[in-house]
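Trainee: the sequence isn't on hand, but the structure is:
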């Protein structure tokens with residue numbers, strides 16, 4: 001397919017920059033990104049996604065775009081969150097390599113070449129690792145706990161899932177839906193799809209302008225979203241394995257309790273209907289049956305929709 005037909009092959013690298021209220025850093029970020037990619041000799045585009053900024057970021061981006069046709073600007077009507085901003089940016093990106101970077105100048109554009117080199121070497125997804133974070137101590141400690149938890153639960157051996165500096169091949173993230181706080185688990189979703197995931201150390205500079213948009217309140221939301229990721233990656237196509245497993249375990253405990261009480265009844269230790277164990281065993285049986293039913297309903301819904309949503313990705317075909 002020709003370059004004129006697709007309009008995609010002209011761009012090798014797309015840099016997606018989600019932002020909110022970053023007016024002070026936009027001109028310098030554009031200059032540094034453009035300079036580095038020009039030095040690398042890569043045909044590129046910069047995709048700025050304005051996630052409901054309340055300062056004059058919009059006007060600054062309009063000025064940048066009017067001077068540089070390699071710049072795309074997407075503006076939301078309000079703040080929808082970083083996951084939505086990244087999703088819109090990934091959808092608009094036309095390069096075969098896509099790099100995401102925050103707009104606060106804490107990530108160094110001079111590392112773009114190293115990311116591209118890792119993709120050239122065969123990795124499909126490269127996550128940045130901020131070894132020496134320039135953040136407050138409390139934020140660093142929470143991040144370490146969070147990253148250790150994600151590693152243990154997901155099995156993906158990365159050190160820094162929170163880093164916004166990432167590089168990926170287009171096919172690795174094609175069709176991945178991002179919402180809520182799921183952008184932090186992009187590496188987990190890509191790894192589950194069978195692509196090669198790696199990481200590299202990146203420099204992390206102190207914030208020069210503005211203030212961080214993320215506080216401690218996002219930590220509990222992040223763990224709930226981790227459960228969402230685990231479900232949609234591990235059990236999306238086998239819901240009965242999850243609900244049926246829990247349901248069977250609870251049902252067995254309830255059945256065992258009733259068997260024990262039945263034995264007592266035959267031995268003359270009556271009544272058994274007033275014992276707490278009786279009520280608890282009946283509740284466990286009912287809960288187990290409900291979970292099994294939920295799993296079966298999930299399987300039925302899956303069978304109805306699996307034709308539209310294939311549970312596999314084809315790497316290549318041979319004649």
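Mentor: Nice, I can see it. What you are looking at is a predicted structure, and each value in this text was computed from that prediction instead of being measured.

Trainee: which SS class is residue 163?
Mentor: Per DSSP: H, G, I helix; E, B strand; the rest coil, the local secondary structure of residue 163 is coil.

Trainee: isn't residue 111 right next to residue 205, touching?
Mentor: No: the criterion here is CB atoms under 8 Å, and residue 111 misses it with residue 205 at 11.2 Å. For glycine as for every other residue, the C-beta is placed from the backbone atoms N, C-alpha and C.

Trainee: who's more crowded, those two?
Mentor: The residue with more neighbours, out of residue 111 and residue 205, is residue 111; 19 against 12, by other CB atoms under 10 Å.

Trainee: local confidence estimate at the more buried one?
Mentor: pLDDT, residue 111: 95.

Trainee: from residue 270, how far off is it?
Mentor: Separation of residue 111 from residue 270 (CB to CB, to the nearest Å): 75 Å.

Trainee: same question, residue 184
Mentor: Taken as CB to CB, the span from residue 184 to residue 270 is 57 Å.

Trainee: between these two, which one's more packed in?
Mentor: Taking other CB under 10 Å, residue 184 and residue 270 do not tie; residue 184 has more neighbours (23 against 11).

Trainee: and the gap between the more buried one and residue 35?
Mentor: For residue 184 relative to residue 35 (CB to CB), the value is 29 Å.

Trainee: what do you get for residue 61?
Mentor: For residue 61, the distance to residue 35 equals 18 Å [CB to CB].

Trainee: between the two, who's got more neighbours?
Mentor: When residue 61 and residue 35 are compared for neighbours, residue 61 comes out ahead with 26 against 12, by other CB under 10 Å.

Trainee: okay but that one is in contact with residue 51, surely?
Mentor: No: with contact defined as CB under 8 Å, residue 61 does not reach residue 51; the gap is 11.9 Å.

Trainee: list the buried residues of the strand or helix carrying residue 140.
Mentor: In the assignment (DSSP states H and E), residue 140 maps to helix 137-154. Buried positions in helix 137-154, judged by neighbour count with 16 or more other CB atoms under 10 Å: 142, 143, 146, 147, 150, 154.
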